[in-house]
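*Asks:* turn this into a model:
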Amino acid sequence: MTKLNRSIERGLTVLEVIHNSGASSLAYLAAQTGLAKPTLLRICATLESKRWLIRRSGDGCYQLGSAFPHAGGMPDLVSQLVATGKEEIVRLSSETGLGVDLAAHIGRGRTEIVDSTRVFKKHGVYPDTIGFRPSPILSALGTAYLSGLSPSNLADVLQNLVNSLPREDTAAVPTLPDILKTIAVQGYAARAQGHWGRAVDYGELPSAIAVPIMVGTEPIGAVNLVWNASVQPVEEVAKAHLARLQTAAKNIGRGYGEFA
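*Replies:* Model prediction:
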């Protein structure tokens, strides 16, 4: 009987756990596989280097990466964005001292947060946001994405959105043209004053500014800076950090374009 390669066997076991369970912490992987954490770190680092795994910036959990084989042989586009944006959002967060969220376009004018650097002790805002779909009308990420659309695409998106928006968003739809004009002038989208993302916010209210991530002439998502609203006004953060935010968005878009 041919002797099995233990290293490959262990790597496949890790992939199987993450494939079945979704994003997994090192502690969870250790409990499920029976492997020591130092061993798991080496396995996961190897799989990360091949883009079969991605380690999320905010919580350190591992998820399947863009090079992991998918049905039809096509890589997952969200994983591509996470892989491309990981170093950029960590660098941006370190340079600014603020939390950073990365959002991907998921269709019908909506975005979903796919990675984040938020740490409550550092940034004073709720960190568990991955998987949250921010308001397309009232959030910085949502309006930043819409601001990147061409007029014809924006019209199509709004037609689809109107019938599925919650009451607060629907009431704000008539203000969207003015919001988009303001974004064009300022160079960034801002979270609507007093907007409360009920599914993810608690304690202090966050503020955020965001810009779209463009590949060619099409937005593929958005990236923001987020912080405790009581600490700094939006204008102060924009003056200090907008250029860094815009550079990060351009770098992510450029890197993503090279993947596609």
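*Asks:* only C-alpha atoms from now on, for both contacts and neighbour counts.
*Replies:* Noted.
*Asks:* tell me the phi and psi of the nearest residue in space to residue 81 that is not next to it in sequence?
*Replies:* Spatial nearest neighbour of residue 81, excluding adjacent residues (CA to CA, 6 or more residues apart in numbering): residue 256 at 6.2 Å. As for residue 256, its main-chain torsions (degrees, to the nearest 10) stand at phi -60, psi -40.
*Asks:* quick check: pLDDT value at residue 200.
*Replies:* Residue 200 is assigned a pLDDT of 55 by the prediction.
*Asks:* next one: the one 5 residues further on
*Replies:* Residue 205 is assigned a predicted lDDT (pLDDT) of 86.
*Asks:* distance check, it against residue 15.
*Replies:* 38 Å (CA to CA, to the nearest Å).
*Asks:* and residue 26, by the same measure?
*Replies:* Applying CA to CA to residue 26 and residue 15 gives a distance of 13 Å.
*Asks:* neighbour count winner among these two?
*Replies:* Legend: neighbour count by other CA atoms under 10 Å for residue 26 and residue 15, higher for residue 15 (23 against 17).
*Asks:* residues near the residue lying closest to residue 25 once chain neighbours are set aside, how many?
*Replies:* In this structure, residue 25 finds its nearest non-sequential neighbour in residue 61, 4.4 Å apart by CA to CA, 6+ apart. When neighbours are defined as other CA under 10 Å, residue 61 has 18 of them.
*Asks:* any idea which helix or strand carries the residue nearest the centre of the chain?
*Replies:* For the chain, residue 102 is the residue whose C-alpha lies nearest the centre (CA atoms, centre = their mean; 2.5 Å). Taking DSSP states H and E as the criterion, residue 102 maps to strand 99-107.
*Asks:* give the rounded mean pLDDT of that strand.
*Replies:* So the average pLDDT for strand 99-107 ends up being 93.
*Asks:* contacting residues around the helix or strand that comes right after it?
*Replies:* Remark: after strand 99-107, the chain's next helix or strand is strand 110-116, criterion DSSP H and E. Here strand 110-116 makes contact (CA atoms under 8 Å, 6 or more residues apart in numbering) with 56-58, 78, 82, 86, 89, 99-106, 127, 129-136, 141-142, 145, 221.
*Asks:* tell me what angle strand 110-116 forms with strand 99-107.
*Replies:* Strand 110-116 runs at 140 degrees relative to strand 99-107, counting by axes from the mean of the first three to the mean of the last three CA atoms, to 10 degrees.
*Asks:* tabulate the CA atom coordinates of strand 110-116 in PDB.
*Replies:* Provided in PDB are the C-alpha atoms of strand 110-116 (Å, rounded to 0.1, in the frame of the first residue of the first chain):
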ATOM      1  CA  ARG A 110     -26.400  46.500  -3.500                       C
ATOM      2  CA  THR A 111     -23.000  46.000  -1.800                       C
ATOM      3  CA  GLU A 112     -21.800  43.700   0.900                       C
ATOM      4  CA  ILE A 113     -18.900  44.200   3.300                       C
ATOM      5  CA  VAL A 114     -16.400  41.400   2.500                       C
ATOM      6  CA  ASP A 115     -13.500  42.500   4.700                       C
ATOM      7  CA  SER A 116     -12.800  44.900   7.500                       C
END
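*Asks:* for that strand, what is the distance to the chain centroid?
*Replies:* From the chain centre to the centre of strand 110-116 is a distance of 4 Å (CA atoms, centre = their mean, to the nearest Å).
*Asks:* and that strand, which strands flank it?
*Replies:* Next to strand 110-116 in the sheet, as set by DSSP bridges, lie strand 99-107 (antiparallel).
*Asks:* in the partner strand, what counts as buried?
*Replies:* Within strand 99-107, the residues that count as buried by 16 or more other CA atoms under 10 Å are 99-105.
*Asks:* got it, and stretch 169-186?
*Replies:* So for stretch 169-186, counting by 16+ other CA under 10 Å, buried means 169, 173, 176, 179-180, 183.
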